[in-house]
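In: Quick one: sequence and predicted model below, then my questions.
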Amino acid sequence: MRRGIGLLTVVGCCVLPIAPPLHSQTSSRDAVVNVVATLDSLICDEDTDSDLRITIDDPRIEGTSRGDRRFTIRTADRRGFDVAGTYYLSNLLQELKLAQESGVDSFRLSAERIFEAPAERISRSIR
């Protein structure tokens, strides 16, 4: 079951933010980030089992914020954006790894890609 509610979309029992329209090139939720610094920080904070993946199997480290499924992205202009949830954090990790493999130092991180619905992300990846 899928139906829109204002700025949210209900998918089953999960609530996901709606991504910006596909025709927009950039949005206020896009952010220019340092690829290596953001990637290193994300892996250090959320990959608690050191397998270079962010999954539900990464245990939370008691007494710290490591593994709490929340990460704040620091942008080049020092703004902060929070990403929460295993699925979205793994999307963030994948986008950062793709940027790193392309050899760029910084790039525009798209909120549309991070918060993309699973079926849409898989379909886009296949195309």
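Out: Happy to help now that I have it. Quick caveat, the model's predicted, so the values are computed rather than measured.
In: which intervals of the chain have sub-threshold pLDDT?
Out: Applying pLDDT under 70 to the chain picks out residues 1-28.
In: all helices of it, in order?
Out: With DSSP state H, the ranges of helices along the chain come out as 35-46, 86-101, 111-114, 118-126.
In: How about the first one, which residues are buried there?
Out: Neighbour counts using 16 or more other Cβ atoms under 10 Å place 35, 38-39, 41-43, 45-46 of helix 35-46 among the buried residues. The C-beta positions use only the backbone N, C-alpha and C, and glycine is treated the same way.
In: The longest one too?
Out: Within helix 86-101, the residues that qualify as buried are 87-96, 99, counting by 16+ other Cβ under 10 Å.
In: Grab the two from the residues you listed that are most spread out in space.
Out: The span of the buried residues of helix 86-101, defined through Cβ to Cβ, is set by Y87 and A99 at 19.1 Å.
In: Who's the closest spatial neighbour of I73, skipping the chain neighbours?
Out: Nearest residue to I73, sequence neighbours excluded (Cβ to Cβ, 6 or more residues apart in numbering): F81, at 4.6 Å.
In: wait, what's in contact with that neighbour?
Out: Neighbour list for F81: 29, 31, 72-73, 75, 111 [criterion: Cβ atoms under 8 Å, 6 or more residues apart in numbering].
In: please redo it, this time with the cut-off set to 7 Å
Out: 31, 72-73 (Cβ atoms under 7 Å, 6 or more residues apart in numbering).
In: nearest to I61, of the helices of the chain?
Out: helix 35-46 (9.7 Å).
In: could the helices of the chain go into TSV alongside distance to L52?
Out: Output for the helices of the chain, formatted as TSV (distance: least, Cβ to Cβ, whole Å):
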stretch	distance to L52
helix 35-46	7
helix 86-101	9
helix 111-114	19
helix 118-126	19
